[in-house]
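# Provided below are the primary sequence and the corresponding predicted coordinates.
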Amino acid sequence: MPQIIETERLNLFLIEPADLITLFEEPENQRIYDGKPFTNPHRVLIDDKGPLAWRVPQVKLDPSLNIWFIRWIVLKSTSEIVGSISFHAKPNEVGMIEIGLGISPNFQNNGYGSEALKGMWLWVIDQPGVSILRYTVSATNKASVVIINKFGFTHVGQQIDEEDGPEEIYEMSASEFRKIFKS
């Protein structure tokens, strides 16, 4: 499992379990950046905890799950963290895996979200047990709807998320994604 997934402009750094827990419990603790090739001047996952409240308890119970979880989205050109990306869980019993991401406001509309998604999906389609890629989004989140439509995912329904309310569900098979995007 790669600690870093590289794309053209981004490095997606896996946050190690101890650092993930520290980030959640002591967000101002700079130890999590010691010796790392990036900085967090935009306070990603500090001011807005994002998925930490859900992922940290899972990692505490089973650290092996961390491979599916939160990665920093780091600009190669500046070594700054500009967002985070994470699968919601390991693949379920039918091989479905869902993803979510967040990009700092100052870095939105530069294609970083699409690039990070593609990098993660290209990695995960080669993992055992993965057969369906899922992306859920509020219909009012026009930027995310544009992103998922650009990838060609199929709208398969709706769901009510406890935190986010009504969401549209988009899916693509891992084999179809591989055929379209893996050269």
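Great, that's in hand.
# show me where this structure has helices.
Assigned helices in the chain, in chain order: 17-25, 52-61, 112-124, 142-151, 174-181 (criterion: DSSP state H).
# which neighbouring elements make contact with the shortest one?
The reference is to helix 174-181. Applying 3 or more Cβ pairs under 8 Å, 6 or more residues apart in numbering; DSSP states H and E, one finds that helix 174-181 contacts helix 112-124, strand 132-137. Heads up, the C-betas are built off the backbone N, CA and C, glycines and all.
# so which of those is nearest Trp72?
helix 112-124 (10.1 Å; Cβ to Cβ).
# how far off helix 142-151 does that closest one point, in degrees?
For helix 112-124 against helix 142-151, the angle by axes from the mean of the first three to the mean of the last three Cα atoms, to 10 degrees is 50 degrees.
# which regions of the chain lie under the pLDDT threshold?
Residue ranges of the chain with pLDDT under 70: 1-2, 183.
# again, only this time at 80
Along the chain, the model assigns pLDDT under 80 to residues 1-2, 163-164, 183.
# need the residue closest to the centroid of it.
Centroid-nearest residue in the chain: Ile85, 2.0 Å away (criterion: Cα atoms, centre = their mean).
# against Ser173, how distant is that residue?
As judged by Cβ to Cβ, to the nearest Å, Ile85 and Ser173 stand 21 Å apart.
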